[in-house]
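A.B. asks: need a structure here:
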Amino acid sequence: MLIGVGLPATVPGAAGERITDWARRAEQHGFATLGVLDRLVYDNYDPLIALTAAAAVTHRIGLATTVLTAPYRNNTPLLAKQLASLDRVAGGRLTLGLAAGNRDDDFTVSGVDPAARGKLLDTMLAELRDIWGGAGPSGLGPAPQGELPLILGGTSPAAFRRAAQYGRGWIAGGSSPSGYRANADRVEAAWQRHGRTGRPHLMTLLYFSLGPRAETLAQRYLTDYYAFSGRAESIVTMALTEPSRLRAAVTAYQDEGCAEIVFMPCDAEPDQLDRLADAVL
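C.D. replies: Down below sits the predicted model:
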């Protein structure tokens, strides 16, 4: 089981130096991956900028978009250049996680029809494959340092199909272990239908908040971040606020076939990272 941690780049008010300090400390602790969430209409750092800052102050830890909402960035050559540049700066450490997204306002403010996001993502996936395979616009560069590992998110049949058609694996946005297993089975069934060999790399995101104010911090952040969804309170109840629950989650998801967990913070204070490392590493 690989254990990663998210950058606090979506925690409102997090200072810029907190992002780089967190990245250094995560690498020192031995986490496998630094993940980052993606929102446009929110008080968060752009995920590609945040990962580039993390790349500049680290050397070993993997970097991952978990996940990037590609369709509202409806300019595939530009996105390809940005991603390849980040991968080059990071020395080939980028894992690309993509999904169709579910925030209509992110699309509307970008001038993109939210109803078209699935078709746009399919088009962009094909275009990224062509660009990085040498069939894109002449002179467009750089290319990624190597083949970018591609992880797809989402729980629709189309999302599972995209994971099998284009990806190395699939990432869940948070669920119970039993719900995770049901969706992982759907990914693996799509994998077989597309004639893929081996097994998909299965990942999940889980929120954590630790220490004396753990529940308060989780409530404050998650109710704000998921206010659009109408189910923020249920998401709050899933946040892991005790070390024992974190350890139990690692065991439970591993038992259900998950190969990598990225724990996303609800607060940007560095003690959160230290407490997480003490609990699960």
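
A.B. asks: now for Gln82: which residues touch it?
C.D. replies: Leu48 (C-beta atoms under 8 Å, 6 or more residues apart in numbering). Every residue, glycine included, has its C-beta placed from N, CA and C.

A.B. asks: if I look at it, how far off is Phe31?
C.D. replies: According to C-beta to C-beta, to the nearest Å, Gln82 and Phe31 sit 24 Å apart.

A.B. asks: and for Cys258, the neighbour number?
C.D. replies: Applying other C-beta atoms under 10 Å, we find 24 other residues in the vicinity of Cys258.

A.B. asks: quick one, what contacts it?
C.D. replies: 1, 180, 184, 202-204.

A.B. asks: neighbour-wise, which of these leads?
C.D. replies: Using other C-beta under 10 Å as the neighbour test, the contacts of Cys258 are led by Met203, with 26 neighbours.

A.B. asks: right, and the helix or strand after whatever helix or strand that residue lives in?
C.D. replies: Met203 belongs to strand 201-208 when elements are defined using DSSP states H and E. Toward the C-terminus, strand 201-208 is succeeded by helix 214-225 as the next helix or strand (DSSP H and E).

A.B. asks: returning to what we had before: list just the nearest of the contacts of Cys258 to Gly133.
C.D. replies: Nearest to Gly133, judged by C-beta to C-beta, of the contacts of Cys258 is Met203 at 24.6 Å.

A.B. asks: quick check: the closest one vs Val36, distance?
C.D. replies: 14 Å.

A.B. asks: who touches both of the two?
C.D. replies: Shared contacts of Met203 and Val36 (C-beta under 8 Å, 6+ apart): Thr66.

A.B. asks: so Gly257 sits against Asn183, correct?
C.D. replies: No. Applying C-beta atoms under 8 Å as the test, Gly257 and Asn183 come out as separate, 10.6 Å apart.

A.B. asks: and the two? which has more neighbours close in?
C.D. replies: Remark: of Gly257 and Asn183, Asn183 carries more neighbours, 19 against 16, as counted by other C-beta under 10 Å.

A.B. asks: just want the most central residue of the chain.
C.D. replies: Computing the C-alpha centroid of the chain and ranking residues by C-alpha atoms, centre = their mean puts Thr66 first, at 0.6 Å.

A.B. asks: now the helices: where do they sit in the protein?
C.D. replies: Residue ranges of the helices in the chain, as given by DSSP state H, are 16-29, 47-56, 76-89, 104-110, 117-132, 157-166, 177-193, 214-225, 232-238, 243-255, 270-280.

A.B. asks: dump the ones you listed to TSV, plus distance to Val262 and mean pLDDT.
C.D. replies: Shown next, in TSV, are the helices of the chain (distance: least, C-beta to C-beta, whole Å; pLDDT from 0 to 100):
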stretch	distance to Val262	mean pLDDT
helix 16-29	11	98
helix 47-56	13	98
helix 76-89	17	98
helix 104-110	21	97
helix 117-132	21	97
helix 157-166	17	98
helix 177-193	14	96
helix 214-225	16	97
helix 232-238	15	92
helix 243-255	11	98
helix 270-280	11	98
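
A.B. asks: can you say which of these is nearest to Gln145?
C.D. replies: Here helix 76-89 is closest among these (C-beta to C-beta), at 5.4 Å.

A.B. asks: on that earlier part again, tell me which of the contacts of Cys258 is nearest to Met264?
C.D. replies: Using C-beta to C-beta, those come closest to Met264 at Thr204, 10.4 Å.

A.B. asks: so for that closest one, what's the nearest residue that isn't a sequence neighbour?
C.D. replies: Spatially, and ignoring its direct neighbours in sequence, Thr204 is nearest to Ala172 (4.2 Å; C-beta to C-beta, 6 or more residues apart in numbering).

A.B. asks: who are the contact partners of that neighbour?
C.D. replies: Ala172 makes contact with 153, 155, 180, 183-184, 203-205 under the criterion C-beta under 8 Å, 6+ apart.

A.B. asks: now these as TSV including distance to Pro144?
C.D. replies: Output for these, formatted as TSV (distance: C-beta to C-beta, whole Å):
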residue	distance to Pro144
Gly153	20
Thr155	28
Tyr180	29
Asn183	28
Ala184	27
Met203	20
Thr204	25
Leu205	23
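
A.B. asks: which of those lies closest to Asp43?
C.D. replies: Asp43 lies nearest to Leu205 out of those, by C-beta to C-beta, at 19.9 Å.
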